[in-house]
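Pasted the sequence and its predicted model underneath.
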Amino acid sequence: MLSGSGVKIFTGTSHPELAELVARRLGLPLAKAEVTKSGIGETHVRIGESVREDDVYIINTGCGEVNTALMELCIMIHACKIASAKRITAVLPLFPYARQDKKDKSRAPITAKLVANMIQKAGCDHVITMDLHASQIQGFFDVPVDKLFAEPSAILYIRTHFDLDGVVIVSPDAGGAKRATAIADRLGVDFALFHKERKKANSVSRMVLVGHVKDKVAILVDDMADTCGTLCLAAHHLSEAGVSKVFAIVTHGILSGNALKNVEESALEKLIVTNTLPQKENQAQCSKIEALDIAPVLGEVIRRSHYGESVSKLFHEVPY
């Protein structure tokens, strides 16, 4: 709880429900701001209360119309900066353009670096995000970046919903092996992974399972689920390998295109995602989607940040 301490929490239009939950966790009302769009698509922001010498937090995530959300964030940061806010923190549960983090082809842009430059130039002093797709994005900033992890929330969920004796943690690709092994080690359970070969982006041609999964409950873990092609294919292979049930726990449930249909028709018992992105509509359309609330984590990191306390404890524990 924050008591009359010069903290203001603003939200854009991308995920006001999460901002409301974070503000409620801190015992504060959401600060007044009006965000509208003109007939030609320009974003207009009007800050409805004084922010002079305040510690300002602006919550906007990279979902829906991502470019609109990014412009809203930059304009709100700039508006608070020229209104003499003491410190401005951008809270981006899902960092926009995080998958464009390297020059992997000739003439390819490093768009995540461009986004970092835009946020800094707007006047941001600090960034809070969760489960960055690529850790090097932290190095694109010259201001402090607190990268939170959904891992403690996932571990707590697994401990409270599964019998650990029959669980195996599975990474759907080699890139996520570090995340999966960390979770498996914390839980004291077995680990397996898939080696996958892609012929083109978002299309997996072949997957090879490494590890023993027969007669176990397999839990796939990943940082984001977009089209869910990889997760659904991994669930199918696990079923063929003789697992008793397959679940998936993912931080960012982007769920674009035919993702919901793919999940509904897949071998997955349940896809557990966090609410870094809005999930109410997805849950209404797909009975297998379950959402974990990460507002307590964001609320606690805002509280600790404001009072100058360490946030490293939140890398391993879920706040109560």
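Right, received. Where do you want to start? Numbering: from 1, shown residues only.

Relative to V208, how far out is Q285?
Using Cβ to Cβ, to the nearest Å, one obtains 32 Å as the distance from Q285 to V208. Heads up, the C-betas are built off the backbone N, CA and C, glycines and all.

Then L94?
With distances taken as Cβ to Cβ, L94 is found 30 Å from V208.

With S305 instead?
From S305 to V208 the distance is 43 Å (Cβ to Cβ).

which of those two has more neighbours?
S305 (20 against 10; other Cβ atoms under 10 Å).

Test my guess that the more buried one contacts T89.
Yes: contact criterion Cβ atoms under 8 Å: S305 and T89 qualify, at 6.7 Å.

Can you check which residues contact both of these two?
Contact criterion Cβ atoms under 8 Å, 6 or more residues apart in numbering; residues shared by S305 and T89: H126, I128.

Stretch 118-129 spans what distance, first to last residue?
One end of stretch 118-129 to the other measures 16 Å (Cα to Cα, to the nearest Å).

So, low pLDDT: which residues of the chain?
1, 3-4, 197-205 (pLDDT under 70).

who's in contact with stretch 126-135?
So stretch 126-135 is in contact with 57, 87-95, 98-99, 101-102, 112, 119, 138, 141, 143-150, 223-224, 251-252, 274, 276, 294, 297-298, 301-302, 305, going by Cβ under 8 Å, 6+ apart.

now, which of the residues you listed lie within strands?
57, 87-92, 145-148, 223-224, 251-252, 274 (DSSP state E).

Report the two of these separated the most.
R87 and M224 (29.4 Å; Cβ to Cβ).

Now do the domain split for the chain, please.
Split into domains by automatic domain parsing, the chain comes to 7-149+295-315, 151-292.

for the first one, how far is the first residue from the last?
By that I understand domain 7-149+295-315. End-to-end distance of domain 7-149+295-315: 24 Å, with Cα to Cα as the criterion.

Just to be sure, N67 is in a strand?
No: using DSSP: H, G, I helix; E, B strand; the rest coil, the assignment for N67 is helix, not a strand.

In the stretch 201-320 of the chain, mark out all the strands, start to finish.
With strands called from DSSP state E, counting those that start in this stretch, the stretch 201-320 of the chain shows them at 203-210, 217-225, 245-253, 270-274, 289-292.

Compare those and report which one is nearest to S312.
Of these, nearest to S312 by Cβ to Cβ is strand 245-253, at 18.8 Å.

quick one: contacts of the closest one?
93-94, 130-131, 150, 154, 157-158, 217-225, 231, 235, 238-239, 267-274, 276-277, 279, 282, 289, 291.

Also stretch 39-47?
Contacts with stretch 39-47, where a contact means Cβ under 8 Å, 6+ apart, come from 10, 31-38, 68, 71-72, 75-76, 79-80, 83.

Just the buried ones from these?
F10, A31, A33, V35, T68, M71, E72, I75, M76, A79, C80 (16 or more other Cβ atoms under 10 Å).

Quick check: the third one touching G48?
Yes: the criterion here is Cβ under 8 Å, and A33 meets it with G48 at 5.8 Å.

hang on, the earlier thing: can you put the strands of the stretch 201-320 of the chain in JSON lines and add distance to R186?
Below are the strands of the stretch 201-320 of the chain laid out as JSON lines (distance: least, Cβ to Cβ, whole Å):
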{"stretch": "strand 203-210", "distance to R186": "21"}
{"stretch": "strand 217-225", "distance to R186": "12"}
{"stretch": "strand 245-253", "distance to R186": "13"}
{"stretch": "strand 270-274", "distance to R186": "17"}
{"stretch": "strand 289-292", "distance to R186": "17"}
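
Of those strands, give the one that comes closest to A184.
Using Cβ to Cβ, the nearest of the strands of the stretch 201-320 of the chain to A184 is strand 217-225, at 9.0 Å.

Good, we can wrap up now.
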